[in-house]
Structure formats: structure tokens, C-alpha cells
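sequence unknown, structure follows:
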């Protein structure tokens, strides 16, 4: 028989009291009422439900109370006290995620909460309605997988590799904050908008992430040592052109967990591939769990068993498929190009690009800039408003044609411009450069024309062998 539960929530005027919800382990009886007490202001005095509700409630609810909370077996708390102060989040990809107090200090800031207003896939939700997940949940997912990876390595080779608490903390923090400096609308802001506003700009969201971390630590007076912040920043930049000299790093394998600049196999990809496939309703043959279970460190590099060669290939192949079917979908790109034009038109009035130089202002920039433009009455934003209205009404830029460049022509290939299209018109057709938008897209396996599998090492009979080069 199904039983409905009714819970009463009480908001007392008295400050400083917080009652924990009761854990029910037996079937709910009819007409069960569970009072929840909330405090309006910190600091909280944490009381057990039994003490807060009194002996009468204790007698009535005692049969349903269980003080032993069962947490995931793969989560390793360093101290039993952590159980009281860690936050439990249920993620639709990884299940239960636990955030320790030091990480909550970053999560519970306006700068990190901004990630809730950054859709992971930008405007892709206009074509794939389920793609409304945010960089907030992606960051939690990468944090969790980074922790799982470093804990597995510590359990398998902890003494040999000298993995300590500092290593674990920095890897998890790098996973949590790796996208804290990301711009709105996925990579469109960084790759399509800024280059047209700031000619020659080399701004990157990875570099902004490091600046945002420093800003958060200073702004919120987070008690964290300088060495931790420095290493976290280095880990975030590990796969970018701003990466520090590899020879100066200790335990280089730790830098490959979140952002792997050597072969591209990292937990950032593990999460966004699984999450994006799920959100868009696409099948995902790649199983990152197999790689997590088989990773080992050899020669200061994370390696995998030779039999996982196809699993690794599926990682890169699935990523390439997402680019073809979702990220560069013809309609998605049309909407993004219209949005770029809208932002370019609005930039003179709103000074959007000026935010990227100052972390204290940058955190205020997110996907809601569309609504700001859309609802503003200013005449200066009329052109931008009209473009956004066209997007709303599905009056999109029309896709004309595409051309796949053959592999043997890539060496001499020059990117096509709108001017090239105009100059190639015949039969008296009149077309202007502003009438055409050309989008040059390169889809590869993360390492350009090179096979990323050639940079992977395997473990076979306890010795190292390069992967075969059969797949490209």
C-alpha cells in the first residue's frame, strides 16, 4: 500500500536554532507529521531532532529514528567530525556527492553560484530542449570524479607515489573550480564574440578561472594557504598554453587528472561527455568507470591497461560525435551567430567586454544578459532586441551549404571568409559581405591531426608499451 507523507515546516522567530530532519527507516504511517525548524540567521546551533522536539515527540517518533547515516562506501572521510558538516548533493549523473567544509566555502559564494546561470551547452537547448544543465552541476561532477580518481590512486599506490592530504585537497579543489571563470553561452563568448570586439585578444576562461579563485579567496577571507592556491591554479592551466614548465612540477601525474595536457584523458571530459549525452538524449557507449578502475601511475604519468584501448578510443569518438550532432548542429550555430551579432550590437552601450578584465565585475556576467537586452527599453539596444526576438520566433539565419575538406587538402587549406563567398558569385547575383556568415569548424580527437592514442601509455604484463596506431 502506498502511504503519503505530510511534513509541517515551522519558521520560529527565535534565532540560532536548527533542527535536523529525521531519518525514517520504516514505512511511513498514516498522518505522520515531521516538524522542520529553521533559523533565520547564522551561526547555527545544531541540535538533534530528539532534543529540539522534546520528550513527547521523541516517544512518538522514536520508532522511526536511526542515528547511523549510511554514506557511499567509496567516499573516504578523513575524520568522523566531517560527517556533521559535509553537504550531501544528489547528482543525476554520479549519484551522491559529498562536499567537505573547505569546498563549501567556495561553493557558497556568489561567484560560484553564478555557474547556475551558465548553461553548459550555451544555446543548444533551443534545438535539444533537455540541454539546460549548467556549469554548476558540471563543476560538482568534475570535483567528485577528481576526488574518486586521486583516492583510487592513493589506495592502489599511495605509499609508492607519496600521495598526501595536500595532494587530494588540491586535485579536488581544481576539479571544483576549473570552470569558475567560464564565460556565458558555452565557448561562443570566448571564441566568437571577444575576438571581434578585442582584436588580438588572448583572453581565456582558464586564465580567468585562476583570477577568480584569487578574488574569491581575498573577497571572502577564505583560510587557505598560498601553496594550495598556487597549485590549484597550475592544475587548471595544465592543458592550456599558459601552463607552467612541466619540468618544474612535482608529481606531474596529479596535473593530468582534471586538465590533461599530455593526451586529453581527464575527468573534465568524463563528466561533460556523460552529462551532455544524457541531457541531449543521445546514447553514450563510453564508460569512464572502466578507465577509473584501471588507472595506474607509471613514469609519473597516468596509464591504462592495453585492453582499454577501445574504451579510450570511444572517449574521443564520442566527443567528436557530440561536436557533429550537438555543438556544431546547423541550427545551434545559426542561433549562436545571431546571438554574437546581438552582443556585438549591444556591446557599445552595455560595455559587455569590459567585464573580462576585472573579476569583481566579471562574476556578474552570465547567460541572463539576453534577458537584460530583451527587456531594456533603450533605443541603443533596439537592433540587439530585434535579433533576440527573431531567435524567440524561430526566424533564424538560414543554413546554405557546407563543405568537408578532404584530409589530403588540409595542409594547404585556408579558412573561407565572407569575402570569398561574395567574390565567387556568378550570373549577376548581388550579395554583400554582411549578408553572409561563414563558420569554419574543425572537429578532431582533441590533438588536431595527431592520434591522441599515440600519447597514451598502457600497462601490459607490468611493463609499458605504446598503443597501436591502427585507429586515427
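Nice, I can see it. The structure displayed is predicted, hence computed values, not measured ones.

In the longest helix anywhere in the chain, which of the residues would be classed as buried?
Longest helix in the chain, counting residues (DSSP state H): helix 135-161. By 16 or more other Cβ atoms under 10 Å, the buried positions in helix 135-161 come out as 135-154, 157-158, 161. Any C-beta I mention is one placed from the backbone N, CA and C, and that applies to glycine too.

what does stretch 194-204 give?
Across stretch 194-204, burial judged by 16+ other Cβ under 10 Å covers 194, 197, 203, 204.

closest to residue 439 among these?
Relative to residue 439, the closest of the buried residues of stretch 194-204 is residue 194; by Cβ to Cβ it sits at 16.2 Å.

Just after the helix or strand harbouring that closest one, pick out the following helix or strand.
Taking DSSP states H and E as the definition, one finds residue 194 inside helix 194-197. Next helix or strand after helix 194-197 toward the C-terminus (DSSP H and E): helix 205-219.

Report the distance from that following helix to the chain centre.
Remark: helix 205-219 is offset 16 Å from the chain centroid, using Cα atoms, centre = their mean, to the nearest Å.

Residues contacting it, please?
106, 109, 111-112, 177-183, 190, 222, 224, 229, 232-233, 236-237, 239-240, 242, 259, 356, 359-360, 362-363 (Cβ atoms under 8 Å, 6 or more residues apart in numbering).

What's the PyMOL line that selects buried ones from these?
This is how PyMOL selects the buried members of the contacts of helix 205-219, with burial counted by 16+ other Cβ under 10 Å:
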select buried, resi 106+109+111+112+177+178+179+180+181+182+183+190+224+229+232+233+236+237+239+259+356+359+362+363
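
Which residue ranges of the stretch 251-400 of the chain form helices?
267-280, 288-294, 309-322, 330-350, 359-362, 369-375, 382-392 (DSSP state H, counting those that start in this stretch).

Rebuild those helices as TSV, extending it with mean pLDDT and distance to residue 403.
Converted to TSV, the helices of the stretch 251-400 of the chain look like this (pLDDT from 0 to 100; distance: least, Cβ to Cβ, whole Å):
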stretch	mean pLDDT	distance to residue 403
helix 267-280	96	26
helix 288-294	92	34
helix 309-322	91	18
helix 330-350	96	13
helix 359-362	96	38
helix 369-375	96	31
helix 382-392	97	26
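
Report the separation between residue 119 and residue 145.
21 Å (Cβ to Cβ, to the nearest Å).

Which of the helices of the stretch 251-400 of the chain has the highest mean neighbour count?
The highest average neighbour count among those, using mean count of other Cβ atoms under 10 Å, belongs to helix 267-280 at a mean of 22.

Looks to me like residue 231 is in a strand.
No: Residue 231 is assigned helix when assessed by DSSP: H, G, I helix; E, B strand; the rest coil, not a strand.

Look at the nearest residue to it once chain neighbours are set aside and give its secondary structure.
Leaving out its chain neighbours, the residue that sits closest to residue 231 by Cβ to Cβ, 6 or more residues apart in numbering is residue 170, at 4.7 Å. The three-state label given to residue 170 by three-state DSSP is helix.

ok, now which ones touch the residue nearest to residue 425 when sequence neighbours are not counted?
In space, and not counting its chain neighbours, residue 425 is closest to residue 431: 5.6 Å by Cβ to Cβ, 6+ apart. Applying Cβ under 8 Å, 6+ apart to residue 431 gives the contacts 421, 422, 425.

Provide a PyMOL selection command restricted to the buried entries of the residues you listed.
Provided next is the PyMOL selection string for whichever of the contacts of residue 431 are buried by 16+ other Cβ under 10 Å:
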select buried, resi 421+422
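
For the contacts of residue 431, could you give me a markdown table that also reports distance to residue 389, pLDDT and secondary structure?
Output for those, formatted as a markdown table (distance: Cβ to Cβ, whole Å; pLDDT from 0 to 100; DSSP: H, G, I helix; E, B strand; the rest coil):
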| residue | distance to residue 389 | pLDDT | secondary structure |
| --- | --- | --- | --- |
| 421 | 27 | 80 | helix |
| 422 | 28 | 80 | helix |
| 425 | 30 | 79 | coil |
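
Give the full set of residues in contact with the residue nearest to residue 231.
Contacts of residue 170 (Cβ under 8 Å, 6+ apart): 228, 231, 232, 235, 254.

other SSEs contacting the helix or strand harbouring the first one?
Secondary structure from DSSP H and E places residue 228 in helix 226-236. Using 3 or more Cβ pairs under 8 Å, 6 or more residues apart in numbering; DSSP states H and E as the contact criterion, the elements in contact with helix 226-236 are helix 165-177, helix 205-219.

how about those helices, which one is nearest residue 291?
Per Cβ to Cβ, nearest to residue 291 of these: helix 165-177, 15.8 Å.

buried set for the closest one?
167, 168, 169, 170, 171, 172, 173, 174, 175, 176, 177.

pLDDT wise, what is the residue nearest to residue 231 at?
For residue 170, the model assigns a pLDDT of 97.
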